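**Student:** Structure of the sequence below:
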Amino acid sequence: MLGRPGEARPDLSGTARLLGVGTAVPPHSYTQTELLEIFAIQDSKIRNVFTNSAIDRRFLTLPPEGPDGRRTPESQGELLAKHKTQAVDMGVRAIEACLADSDARASDIAYLCCVTTTGFLTPGLSAHLIRTLGLDLHTSRLDVVGMGCNAGLNGLNAVTGWAQANPGRLAMMVCTEACSAAYVFDGTMRTSVVNSLFGDGAAAVAVRAGDDVAPETPPGPHVMGFESCVITEAIDAMRYDWDNEQSRFSFFLDPDVPYVVGAHAELVVDRLLESAGLRRSDIGHWLVHSGGKKVIDAVSVNLGLTRHDVRHTTGVLRDYGNLSSGSFLFSYQRLLQESVVRPGEYGVLMTMGPGSTIETALIRW
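**Tutor:** Modelled structure (predicted):
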């Protein structure tokens, strides 16, 4: 048992710590109204989806303009090329920002985990990032591909495990998602819901175990444990599969996703906290994936969270849209920038995605 706030501090030696975080986005951003005009969307129902999304602006890499000024359709090959270019570029910048925040150098990275869902690449992004950043050729690596918006915590689970098995060595996870490389513009409500929601972005976090004896190490929370919940009866509710009519991959979101996720949120969070002898009221900081307004509302209602509890979640959604696997790290970065966290406080990280899946992690400062 880890103990409640105010009790004697538990033995945290050997646990992995989050040392720093860095984010990156493309150079261009657009309001929802600008996107409606750029793609000449006139359907009132689709326009309402965009304007009622609780999103003000998103960073995207849009298709090039044709001679008539309209955006030209992109083939699946062009979309995959966009994914590679943007994911590598954003991933490099996010890692560099994370290294600066962690007071570390690229040569310190001994393990690199790359998370993405917005494209497929062999060799994986990890190999391209190792080459671009000039990392040690013996850097251990892992690519987590196709798991969706929940995958950041799946990757973090692996990274903290490696760090604990290799104390003193620096591990890095980067979630880099070029969501605009997964868009289909066919005028249907199915694709319009997706096109109204996702944005491009990357986020990296540095992890190391055994730093308690190194006072010069930047402060950061210890990762205490993980819990998962796979809702198998909703396995098709969120999927990224091949669209024969469009001859490309297309993402699908079932309208009932928010309610399915919300209904299972208590199950996995209570299981996470029970293992630590905690209650929800003991948690000072909630960092929930910015999955969309309805998803955030459903999770908040079922967990009894206030608007203040999810202020970073809703703020990231407003300013960036749904950034898929890296969204929760954008929220984590905003929490750190507030400088309100006190030693001994607990936080819960929570991501949701295809499976349908809810992933959680418990951290303590």
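**Student:** give the contact list for A204.
**Tutor:** By CB atoms under 8 Å, 6 or more residues apart in numbering, the residues touching A204 are 21-23, 91, 94-95, 97-98, 172-175, 329. Any C-beta I mention is one placed from the backbone N, CA and C, and that applies to glycine too.
**Student:** now that we have these, which one has the most neighbours?
**Tutor:** When neighbours are counted by other CB atoms under 10 Å, C175 leads the contacts of A204 with 35 neighbours.
**Student:** Can you tell me, leaving aside adjacent residues, what's nearest to it?
**Tutor:** Distance criterion CB to CB, 6 or more residues apart in numbering; nearest residue to C175, sequence neighbours excluded, is G326 at 3.4 Å.
**Student:** per-residue confidence for the residue most central in space within the chain?
**Tutor:** Closest to where the C-alpha atoms of the chain average out (CA atoms, centre = their mean) is G326, at 2.0 Å. pLDDT, G326: 98.
**Student:** need the longest helix for the protein.
**Tutor:** Using DSSP state H, we find that the single longest helix of the chain is helix 76-102.
**Student:** Make sure I363 is indeed in a strand.
**Tutor:** Yes. Assessed by DSSP: H, G, I helix; E, B strand; the rest coil, I363 belongs to a strand.
**Student:** wait, what's in contact with the residue nearest to C175?
**Tutor:** Neighbours of G326 in contact, by CB under 8 Å, 6+ apart: T23, A94, V115, G152, C175, T176, E177, G201, A202, A203.
**Student:** Please repeat the previous calculation with a cut-off of 10 Å.
**Tutor:** By CB atoms under 10 Å, 6 or more residues apart in numbering, G326 lies in contact with 23-24, 90-91, 94, 115-116, 149, 151-152, 155, 173-177, 201-205, 289-290, 316, 320, 332, 351.
**Student:** That one and R311: what is the separation?
**Tutor:** To R311, G326 is 18 Å away according to CB to CB, to the nearest Å.
**Student:** between the helix or strand bottoming out on mean pLDDT in the chain and helix 76-102, how big is the angle?
**Tutor:** Ranked by mean pLDDT, DSSP states H and E, the helix or strand of the chain with the weakest confidence is strand 248-253, at a mean of 78. Here strand 248-253 runs at an angle of 60 degrees relative to helix 76-102 (axes from the mean of the first three to the mean of the last three CA atoms, to 10 degrees).
**Student:** rewinding a little: where's the helix or strand following the longest helix of the chain relative to the chain centroid, distance-wise?
**Tutor:** Next helix or strand after helix 76-102 toward the C-terminus (DSSP states H and E): strand 109-116. Centroid displacement of strand 109-116 relative to its chain, using CA atoms, centre = their mean, to the nearest Å, is 14 Å.
**Student:** Quick check: mean pLDDT of strand 109-116?
**Tutor:** 98.
**Student:** hey, where'd the strands end up in the stretch 1-150 of the chain?
**Tutor:** 16-24, 29-31, 57-59, 109-116, 140-145 (DSSP state E, counting those that start in this stretch).
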